[in-house]
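*Asks:* coords below, sequence missing:
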């Protein structure tokens, strides 16, 4: 250790003097070397600062200032209060201070539990396993929980806040039935048998359909009455479902395991006891009733409508056919009118077209026909006997003018008329004519025959 | 009335009936029967709701037990 400068004061047999800061630092190191241990004592002067919590641990023979990091303390969830006996684990520490701050010693706590809690937890686990193995956790869960009980039993402390919470939960559900309060101590060593007795009495009342067991928060030691084996067996064998709400689920008591339902708060327990919201249920029921009525009415009305339609069907059929017939008649008349008009129009158009086409065709045709007529006239003129007569031939005819085309006919006629191109003369046939049968003799009537 | 009937079972049956009616598969006779059954169930449920809507009736167990024991004794005398 660093030694301070000597002065002229009377000499001491003790070592030093040393600077206090060095000594304080040495002391801090030495204290930190102390073994970490558990201490048991009562809590006094508990106060929580922002970073740490502080308290003293006392017993009849001494005390130690203790501190604990606030975050560690909050995580433990141990509700500390003056007078509580706790087991604190940790080690010594020393703050050496400075020129402007005071030094301090504290036992720095890293573990903290209520005294006896560890023993309680061991007991609790052992009992939990035992009841579970006997199947007592399942008994209550097999009971039917009514959604809308008319009568509810409640076991709770008469003065506790749990009572108000239960009422608040029931109000939220709009439930206003019969509530049977069974007040019992909920904390001391007499609590468990009293609670069990209350439960049995409530279950003996036929109207009670569900029972709530409620208690506010507390340490496990406070709630240990609800881990009582006798109480848990009573609950497990009860005929009515039990809803437990003991503590706030930081510690799970055995009654929570045995009960039909366990809730975190008495309010929730009340809401679990009445599963439905009565106001909403009434509205829903009204809606269902309305739908039912609608179906009932609809089933009859729709069928009546179908029947009415069927009854009207024949007359409607006739009327429909009559309308169709009238329509067809109208269409037929209209069609006839349209056809007649179209015929007239077509005739008019044809007349017009014909007149125009005949007008176009008449000119050349007339010329062609004139020429044809002239050709025929020429052909006819070529065969005119008058022209033959003009060339020196004569036509022999009998008295009646009929042509005589043979010599025998001329002989038979006796008297003939010779017609020349400029007139006729009469002649008598010689009866002795010898050349009667000589066809090679030249004809009497003409000198040259060009035919 | 069916002794096993509860509010929730009655509501469940009404919903079942409504589903059947909504399907449109029920004939006239079945529809009328279902509607009648449904109406009866609605009346039951309404009565159950009425029973827990009349106003909170708070009793203490001790008083109730005393009252019940008194009633039992008078019955025994009769």
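*Replies:* Alright, I've got the coordinates. Just so it is clear, the structure is predicted and the values come from calculations on it, not from any experiment. Numbers count the residues shown, from 1 in each chain, chains lettered A, B, ... in the order given.

*Asks:* Can I take it that residue A:201 is in a helix?
*Replies:* Yes - looking at residue A:201 with DSSP: H, G, I helix; E, B strand; the rest coil, it is inside a helix.

*Asks:* and it, how many residues sit next to it?
*Replies:* Neighbourhood size, residue A:201 [other CB atoms under 10 Å in any protein chain shown]: 19. Every residue, glycine included, has its C-beta placed from N, CA and C.

*Asks:* ok, now how distant is it from residue A:154?
*Replies:* Going from residue A:201 to residue A:154 by CB to CB, to the nearest Å gives 13 Å.

*Asks:* Overlap in contacts, the two.
*Replies:* residue A:182 (CB atoms under 8 Å, 6 or more residues apart in numbering or on different chains).

*Asks:* Once you drop chain neighbours, what's closest to residue A:259?
*Replies:* residue A:244 (3.9 Å; CB to CB, 6 or more residues apart in numbering or on different chains).

*Asks:* next structured bit after the helix or strand harbouring residue A:410?
*Replies:* For residue A:410, the host element (DSSP states H and E) is helix A:407-413. Once the chain leaves helix A:407-413, the next helix or strand it forms, by DSSP H and E, is strand A:415-420.

*Asks:* partner strands of the following helix or strand past that following strand, parallel or antiparallel?
*Replies:* Toward the C-terminus, strand A:415-420 is succeeded by strand A:423-428 as the next helix or strand (DSSP H and E). The strands that strand A:423-428 pairs with in its sheet are strand A:415-420 (antiparallel) (by DSSP bridges).

*Asks:* I'd like to know the average pLDDT value across the partner strand.
*Replies:* Averaged across strand A:415-420, the pLDDT comes to 88.

*Asks:* What strands line up against the helix or strand where residue A:181 lies, and which way round?
*Replies:* For residue A:181, the element it lies in under DSSP H and E is strand A:178-183. Its sheet considered, strand A:178-183 pairs with strand A:151-156 (parallel), strand B:57-60 (parallel) by DSSP bridges.

*Asks:* between those strands, which gets the lowest average pLDDT?
*Replies:* strand B:57-60 - the lowest mean pLDDT of the strands paired with strand A:178-183, at a mean of 89.

*Asks:* Which positions in that strand come out as buried?
*Replies:* By neighbour count with 16 or more other CB atoms under 10 Å in any protein chain shown, strand B:57-60 contains the buried residues residue B:59.

*Asks:* Show me what the helix or strand that comes right after it is packed against.
*Replies:* Downstream of strand B:57-60, the first helix or strand assigned by DSSP H and E is helix B:61-77. Applying 3 or more CB pairs under 8 Å, 6 or more residues apart in numbering or on different chains; DSSP states H and E, we find helix B:61-77 packed against strand A:178-183, helix A:191-204.

*Asks:* which helices and strands does the helix ranked longest in chain A pack with?
*Replies:* Criterion DSSP state H: the longest helix present in chain A is helix A:278-382. Counting contacts by 3+ CB pairs under 8 Å, 6+ apart, helix A:278-382 packs against helix B:7-23, helix B:28-51.

*Asks:* Residue A:203 contacts residue A:238, doesn't it?
*Replies:* Yes - between residue A:203 and residue A:238 there is a contact under CB atoms under 8 Å: 5.0 Å.

*Asks:* contacting residues around residue A:233?
*Replies:* Residues in contact with residue A:233 (CB under 8 Å, 6+ apart) are A:131, A:136.

*Asks:* Can you tell me how far it is from chain B?
*Replies:* Note on residue A:233: its distance to chain B, by CB to the nearest CB, to the nearest Å, is 21 Å.

*Asks:* so which strand or helix has that residue?
*Replies:* helix A:229-236.

*Asks:* now the angle from that helix to helix A:191-204?
*Replies:* Inter-element angle recorded for helix A:229-236 and helix A:191-204: 20 degrees (by axes from the mean of the first three to the mean of the last three CA atoms, to 10 degrees).

*Asks:* In chain A, where is pLDDT below threshold?
*Replies:* Chain A contains residues with pLDDT under 70 at A:1-10, A:116-122, A:219-221, A:248-251, A:358-359, A:361-362, A:433-451.

*Asks:* what do you get if the cut-off is 50, keeping everything else the same?
*Replies:* Residues of chain A that meet the criterion pLDDT under 50 lie in A:8, A:444-451.

*Asks:* before we move on, back to that, element containing the residue nearest to residue A:259?
*Replies:* strand A:242-246.

*Asks:* cool, residue A:92 as well?
*Replies:* strand A:85-95.

*Asks:* Of all the residues in that strand, which ones are buried?
*Replies:* Buried, per 16+ other CB under 10 Å, within strand A:85-95: A:86-88, A:90, A:92, A:94.

*Asks:* Chain A contacts on chain B?
*Replies:* Residues of chain B found near chain A (CB under 8 Å from any CB of the partner chain) are B:6-8, B:11, B:14-15, B:17-18, B:21-22, B:28, B:31-32, B:34-35, B:38-39, B:42, B:45-46, B:48-49, B:51-61, B:64-65, B:68.

*Asks:* Buried by neighbour count, from these: which ones?
*Replies:* B:6-8, B:11, B:14, B:17-18, B:21, B:31, B:34-35, B:38-39, B:42, B:45, B:48-49, B:51-52, B:59, B:61, B:64-65.

*Asks:* The stretch of helix or strand residue A:64 belongs to relative to strand A:85-95, how many degrees between them?
*Replies:* Residue A:64 is part of strand A:62-69, with elements assigned from DSSP H and E. Put simply, strand A:62-69 runs at 80 degrees to strand A:85-95, going by the same axes, to 10 degrees.

*Asks:* Each with direction, which strands does strand A:62-69 pair with?
*Replies:* Strand A:62-69 pairs in its sheet with strand A:52-59 (antiparallel), strand A:104-114 (parallel), by DSSP bridges.

*Asks:* Can you point out the buried residues in the lowest-mean-pLDDT helix or strand in chain B?
*Replies:* Here the helix or strand of chain B ranked lowest by mean pLDDT, DSSP states H and E is helix B:61-77, holding a mean of 76. Under the neighbour-count criterion of 16+ other CB under 10 Å, helix B:61-77 has B:61, B:64-65 buried.

*Asks:* Then stretch A:294-313?
*Replies:* Buried, per 16+ other CB under 10 Å, within stretch A:294-313: A:295-296, A:299.

*Asks:* picking that back up, mind giving me the packing neighbours of whatever helix or strand comes next after the strand holding residue A:64?
*Replies:* Scanning forward in sequence from strand A:62-69 by DSSP H and E, the next helix or strand is helix A:70-76. In terms of contacts (3+ CB pairs under 8 Å, 6+ apart), helix A:70-76 is packed against strand A:52-59, strand A:104-114.

*Asks:* Would you convert those into TSV that also reports mean neighbour count?
*Replies:* Listed next are those as TSV, based on neighbours: other CB atoms under 10 Å in any protein chain shown:
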stretch	mean neighbour count
strand A:52-59	18
strand A:104-114	17
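
*Asks:* I'd like these written out as CSV, with distance to residue A:364 added.
*Replies:* Listed next are those as CSV, based on distance: least, CB to CB, whole Å:
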stretch, distance to residue A:364
strand A:52-59, 139
strand A:104-114, 141
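
*Asks:* Nearest to residue A:354, out of those strands?
*Replies:* Between residue A:354 and the helices and strands packed on helix A:70-76, the tightest spacing by CB to CB is seen for strand A:52-59, at 130.2 Å.

*Asks:* which residues touch that closest one?
*Replies:* For strand A:52-59, contacts defined as CB under 8 Å, 6+ apart pick out A:39-48, A:63-70, A:73, A:80, A:86, A:88, A:106-107.
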